[in-house]
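1. I'll drop the sequence and a predicted model, then ask my questions.
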Amino acid sequence: MQFSKNRTLKINPRLTGERKSEHYPFSLQFYQVPPTENISLSEFETFAVERLKLLKSIENLGVSYVKVSADYTTKLENELRKLKFPYRSPQNDINDEAYDQRRKDHISHFILRLAYCQSEDLRRWFIQQEMDLFKFRFNQLPKDKVQEFLKYSGLEYLAISEEEKKQHHDDLINSTYGLSSTKLEDLEFYKLFCVQNALCALPYVSCPNSWFGSTDGRGRRRNEAEEEDGKKTSLLDPSNHCQST
């Protein structure tokens, strides 16, 4: 990534037609490919500050609410909307606004990844907030988009049939926390072959914390609320925002 000396915000060229979908076909990604375009220093700073605000909000919401609750979902949606980050896939082809949000999400992730690689504590904090953000976005995907996203990311799973679901009914209930017979009917499960070819079924609708190595889904309570984000220099200093977990 290169930066121009002009601190005036650089207007990114609009992409038309299918090129938008080819760049960012989904509202979430695994950030496997770093950005290579040129951006201004002003845009670089804005993206970094706003993503840091987003990750701090995710941390604070995880302390105050259960991560699968309606209040958590509503407040995080509002924060993503306010900071202009993507969180839901549009029904049709993405427009200019959706493309700009996904571009911002892509670039800002790598900016903070670079800033937060300085120590183990910084990396741990950054990864935890990014995992929570990914889980939230993944759970917002419609059923058809989940399958498309998995295929696009090279994660293709074979869905089990209704007969197999009935056959493994009790095993599925016992292996998935909070799953009831009623919910089981509405879920699709995918085959994973584990040790000694044992069949493991993976539900697609939700991302339990155990998938990502989380603990109880609630972070440690902060002692005091931080001051208003007024000084960009302090916001961009990772050491001011790291909490050991």
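-> Alright, I've got the coordinates.
2. okay, domains of this protein per the record?
-> 2-140, 162-203 (automatic domain parsing).
3. most tightly surrounded among those?
-> domain 2-140 (a mean of 16; mean count of other CB atoms under 10 Å). (Each C-beta comes from the backbone N, C-alpha and C, glycine too.)
4. and the helix or strand residue 146 falls within, what's buried?
-> Using DSSP states H and E, residue 146 maps to helix 143-152. For helix 143-152, a neighbour-count test (16 or more other CB atoms under 10 Å) marks 145-147, 149-150 as buried.
5. what is the subsequent helix or strand relative to it?
-> Counting by DSSP H and E, what follows helix 143-152 is helix 162-167.
6. output that following helix as CSV - backbone C-alpha positions only.
-> Presented in CSV, the C-alpha positions along helix 162-167 are these (Å, rounded to 0.1, in the frame of the first residue of the first chain):
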residue,chain,number,x,y,z
GLU,A,162,-33.3,-35.1,6.3
GLU,A,163,-32.9,-38.9,6.8
GLU,A,164,-29.4,-38.4,8.3
LYS,A,165,-30.7,-35.6,10.5
LYS,A,166,-33.4,-37.8,11.9
GLN,A,167,-30.9,-40.6,12.4
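7. and the helix or strand just after it, what does it pack onto?
-> Where DSSP H and E defines the elements, the next helix or strand beyond helix 162-167 is helix 169-175. The contact analysis (3 or more CB pairs under 8 Å, 6 or more residues apart in numbering; DSSP states H and E) places helix 169-175 against helix 181-186, strand 199-203.
8. if we go to 7 Å?
-> Counting by 3 or more CB pairs under 7 Å, 6 or more residues apart in numbering; DSSP states H and E, the packing neighbours recorded for helix 169-175 are helix 181-186.
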